[in-house]
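Participant: Fold the stuff below for me.
(2 chains)
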Amino acid sequence: EVQLVESGGGLVQPGGSLRLSCAASGFMFSSYEMNWVRQAPGKGLEWISYISASGSTVYYADSVKGRFTFSRDNAKNSLYLHLSSLRAEDTAVYYCARKLRARFDYWGQGTLVTVSS
Amino acid sequence: DIQMTQSPSSLSASVGDRITITCRASQTISTYLNWYQQKPGKAPKLLIFAASSLQSGVPSTFSGSASGTDFTLTISSLQPEDFATYYCQQTYLFPYTFGQGTKLEIK
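Facilitator: Below you'll find the model as predicted:
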């Protein structure tokens, strides 16, 4: 059974940093491209980052470029999203999602990041 | 960036109704269009991929179609569990973008 489990969310002050993790199981993790999508409270879905299967290619939304870093460890079946210079508008539930061809077929349950003083 | 304009933003309907949600892309995206369902407090769930392909396990009451840059999600006969928010998504070009969502409510 495919499972994606995010962790690492919490309350952080503006300007602070946080590292989110996504633990994958039930599939050949190293063969799949992965993504992060976030959802601010009461708002819609926003794609924020992509990583290739090998980790050699990463793309970001303009809203997080230069502040967030997406990486993966295929030996540990894990994704990491390092969030820095956090702003109030980064408050959201962060989901990791598996990309199969051109669709996001499996999603984690999400982890909440709250940026507030 | 490719803009995805979804309509309506909300919809009120009854069990058994047929409903259609539309998504318009600001430029060509071929058929790189997916539809997701999201219930409160839950992760999105893939319903339709490549504009018209039904994801495994999704009821056949759901269908998708495409005409140029216009895409539609149709639910042929609403069931109580279908009341949720629906999003379209393009994966033709980065940045991937979602429509703003359609909240489907019980009339």
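Participant: Next up, the contacts around the residue nearest the centre of chain B.
Facilitator: Most central in chain B under CA atoms, centre = their mean is B:Trp35, positioned 3.9 Å from the mean C-alpha point. Contact analysis of B:Trp35 by CB atoms under 8 Å, 6 or more residues apart in numbering or on different chains lists B:Cys23, B:Leu46, B:Leu47, B:Ile48, B:Phe49, B:Phe62, B:Gly64, B:Leu73, B:Tyr86, B:Tyr87, B:Cys88, B:Gln89. C-beta: built from backbone N, CA, C; applies to glycine.
Participant: Remind me which helix or strand it belongs to.
Facilitator: strand B:33-38 (DSSP states H and E).
Participant: what's the average pLDDT for that strand?
Facilitator: Average pLDDT, strand B:33-38: 98.
Participant: For the residue nearest the centre of chain A, which residues are in contact?
Facilitator: In chain A, the centroid-proximal residue (CA atoms, centre = their mean) is A:Trp36; its distance is 3.5 Å. Shown in contact with A:Trp36 (CB under 8 Å, 6+ apart): A:Leu20, A:Cys22, A:Trp47, A:Ile48, A:Ser49, A:Phe70, A:Leu79, A:Leu81, A:Tyr94, A:Tyr95, A:Cys96, A:Ala97.
Participant: and if you look at A:Gly110?
Facilitator: A:Glu6, A:Gln39, A:Val93, A:Tyr94, A:Tyr95, B:Ala43.
Participant: With adjacent residues omitted, what lies nearest to the last one?
Facilitator: Among residues not flanking B:Ala43 along the chain, A:Trp107 sits closest, at 3.9 Å (CB to CB, 6 or more residues apart in numbering or on different chains).
Participant: Pull out the buried residues from the contacts of A:Gly110.
Facilitator: Listed as buried from the contacts of A:Gly110 are A:Glu6, A:Gln39, A:Val93, A:Tyr94, A:Tyr95, B:Ala43; burial here means 16 or more other CB atoms under 10 Å in any protein chain shown.
Participant: farthest pair in the residues you listed?
Facilitator: The span of those, defined through CB to CB, is set by A:Glu6 and A:Gln39 at 12.4 Å.
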